[in-house]
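Enquirer: here is a sequence together with a model predicted from it:
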Amino acid sequence: MHRYNKHSSCFYNSAAGDSAPVVQIVLPAKNFEDVRCKCICPPYRNITGHIYNRNVSQKDCNCLHVVEPMPVPGHDVEAYCLLCECKYEERSSNTIKVTIIIYLSVVGALLLYMLFLLLVDPLIRKHDAYTQPLHNEEDSEEMRPPVDSAGAKGNTVLERVEGAQQRWKKQVQEQRKTVFDRHKMLS
């Protein structure tokens with residue numbers, strides 16, 4: 001009778017009365033999904049084409065070890081196996097898992113940031129006359145309230161950003177007016 005010692009990864013023969021290790025050593029194996037041999041066999045005579053996958057070592061990656069059950073009788077096995085194309089494939093499922101976790105974490109963080117901005121932005125922003133769409137340049141000049149430059153200068157970061165934004169919007173409005181005036185002159 002054999003017993004297995006978890007800590008040393010060896011089997012011991014308990015029937016002999018001593019604890020002499022048996023030569024069989026259990027090595028940590030790769031995940032069964034990480035290595036495979038893939039054989040693609042095209043149609044042969046009256047047999048349809050088929051793809052065979054099997055977890056075998058790289059040296060055993062050939063038609064004779066992978067294709068089971070063999071769809072052809074014994075005398076046609078060699079001809080059938082010559083048509084099959086076998087490839088040994090190896091991947092790291094741990095790397096794939098880590099990559100997916102990082103990707104999903106980044107996407108999740110961006111979604112949380114977007115949600116945060118959607119919730120906080122309306123609370124921070126004040127109603128702005130510049131956000132109304134520009135239908136006609138002359139009408140918008142009459143409706144726009146005057147911007148005082150003294151009020152745009154503040155001591156908080158948010159007030160400075162809003163002041164810079166107001167100046168930028170004013171410059172954009174002036175550029176639009178210039179473009180519309182030139183367009184009227186040319187037409």
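Expert: All right, it came through fine.
Enquirer: name the nearest residue to residue 44, sequence neighbours excluded.
Expert: residue 80 (5.2 Å; CB to CB, 6 or more residues apart in numbering). In this view, the C-beta of every residue, glycine as well, is placed from N, C-alpha and C.
Enquirer: the one you found and residue 42 touch, don't they?
Expert: No - at 9.6 Å, residue 80 does not count as touching residue 42 under the criterion of CB atoms under 8 Å.
Enquirer: looking at these two, which has the bigger crowd around it?
Expert: residue 80 (19 against 12; other CB atoms under 10 Å).
Enquirer: so that one: helix, strand or coil?
Expert: Assigned by DSSP: H, G, I helix; E, B strand; the rest coil, the conformation of residue 80 is helix.
Enquirer: residue 52 versus that one, what's the distance?
Expert: With distances taken as CB to CB, to the nearest Å, residue 80 is found 12 Å from residue 52.
Enquirer: give me the common contacts of these two.
Expert: The contact sets of residue 80 and residue 52 overlap at 41, 67 (CB atoms under 8 Å, 6 or more residues apart in numbering).
Enquirer: from the contact counts, what lies against the helix or strand harbouring residue 185?
Expert: Element membership for residue 185 (DSSP states H and E) is helix 157-186. Judged by 3 or more CB pairs under 8 Å, 6 or more residues apart in numbering; DSSP states H and E, helix 157-186 is in contact with helix 137-143, helix 149-152.
Enquirer: these: lowest mean pLDDT?
Expert: Among these, helix 149-152 carries the lowest mean pLDDT, at a mean of 47.
Enquirer: show the average pLDDT along the longest helix seen in the chain.
Expert: Among the segments of the chain that qualify as a helix by DSSP state H, the longest is helix 93-124. Here helix 93-124 scores 92 as its mean pLDDT.
Enquirer: okay, now the domains of this protein?
Expert: 35-90, 98-186 (automatic domain parsing).
Enquirer: now the first one: average pLDDT?
Expert: Taken as a whole, domain 35-90 has a mean pLDDT of 91.
Enquirer: endpoints of it, how far apart?
Expert: 4 Å (CA to CA, to the nearest Å).
Enquirer: same check on stretch 46-55?
Expert: The first-to-last residue distance of stretch 46-55 comes to 28 Å (CA to CA).
Enquirer: ditto for stretch 86-102
Expert: Rule used - CA to CA; the end-to-end distance of stretch 86-102 is 34 Å.
Enquirer: which outside residues touch that stretch?
Expert: 31, 33-40, 58, 61-63, 66.
Enquirer: filter those down to the buried ones.
Expert: 35, 36, 37, 39, 61, 63, 66 (16 or more other CB atoms under 10 Å).
Enquirer: dihedrals phi and psi, the nearest residue to the first one once chain neighbours are set aside?
Expert: On the basis of CB to CB, 6+ apart, the spatially nearest residue to residue 35 that is not a chain neighbour turns out to be residue 90, at 5.0 Å. Torsion angles at residue 90 (phi, psi; degrees, to the nearest 10) stand at phi -140, psi 140.
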